[in-house]
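Undergrad: Sequence and predicted structure below; questions after.
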Amino acid sequence: MTVGSSSSDNPPLPHQSDTDRLRPTDTGRYLDTLVFAVRGLWTVTLVGVRPFAFWGAVLLPLLYLPSLYGVGIGQDTALFLELVAWHVASIVLGHGHTPFWSR
């Protein structure tokens, strides 16, 4: 017999199983799927909202003059500022819309 240890004397070394190795990539894959789903939901929502936002951006300035007529009476000032905020939001959301006659 030789003076050394044989392979039967030592316990097997721990090794990573396939499931242990795949765990970090599974989390990344789930995050990628979540990001893909959120982008898809945002795109579908934006496609439905964009035409209304575009036309809101076109038509909301027509309400500026009547609301400016009463500015300075407290509540009308708040109404005017809300109108401006809605107009800015409509411009941002409706920016990419192309009307059907210009396609």
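TA: Good, I have the coordinates. What you see is a predicted model; the values in this text were computed from it and never measured. Numbering: from 1, shown residues only.
Undergrad: Could you pull up phi and psi at T98?
TA: T98 adopts backbone torsions of phi -120, psi 120, taken as degrees, to the nearest 10.
Undergrad: low pLDDT regions in the chain?
TA: Applying pLDDT under 70 to the chain flags the ranges 1-25, 70-75, 103.
Undergrad: show me where the protein has helices.
TA: For the chain, the helices defined by DSSP state H cover 18-59, 64-69, 75-93.
Undergrad: among these, which is the most enclosed?
TA: The highest average neighbour count among the helices of the chain, using mean count of other CB atoms under 10 Å, belongs to helix 75-93 at a mean of 14. (Each C-beta comes from the backbone N, C-alpha and C, glycine too.)
Undergrad: Put the alpha carbons of it into CSV.
TA: This file holds the C-alpha atoms of helix 75-93, laid out as CSV (Å, rounded to 0.1, in the frame of the first residue of the first chain):
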residue,chain,number,x,y,z
GLN,A,75,-60.3,80.3,-8.0
ASP,A,76,-60.0,81.4,-11.7
THR,A,77,-56.2,81.7,-11.2
ALA,A,78,-56.1,78.1,-10.0
LEU,A,79,-58.2,77.0,-13.0
PHE,A,80,-55.9,78.8,-15.4
LEU,A,81,-52.8,77.1,-13.9
GLU,A,82,-54.6,73.7,-14.1
LEU,A,83,-55.4,74.4,-17.7
VAL,A,84,-51.7,75.2,-18.4
ALA,A,85,-50.7,72.0,-16.7
TRP,A,86,-53.1,69.9,-18.7
HIS,A,87,-51.9,71.6,-21.9
VAL,A,88,-48.3,70.8,-21.1
ALA,A,89,-49.2,67.1,-20.3
SER,A,90,-51.1,66.9,-23.6
ILE,A,91,-48.2,68.3,-25.6
VAL,A,92,-45.8,65.8,-24.0
LEU,A,93,-48.1,62.7,-24.4
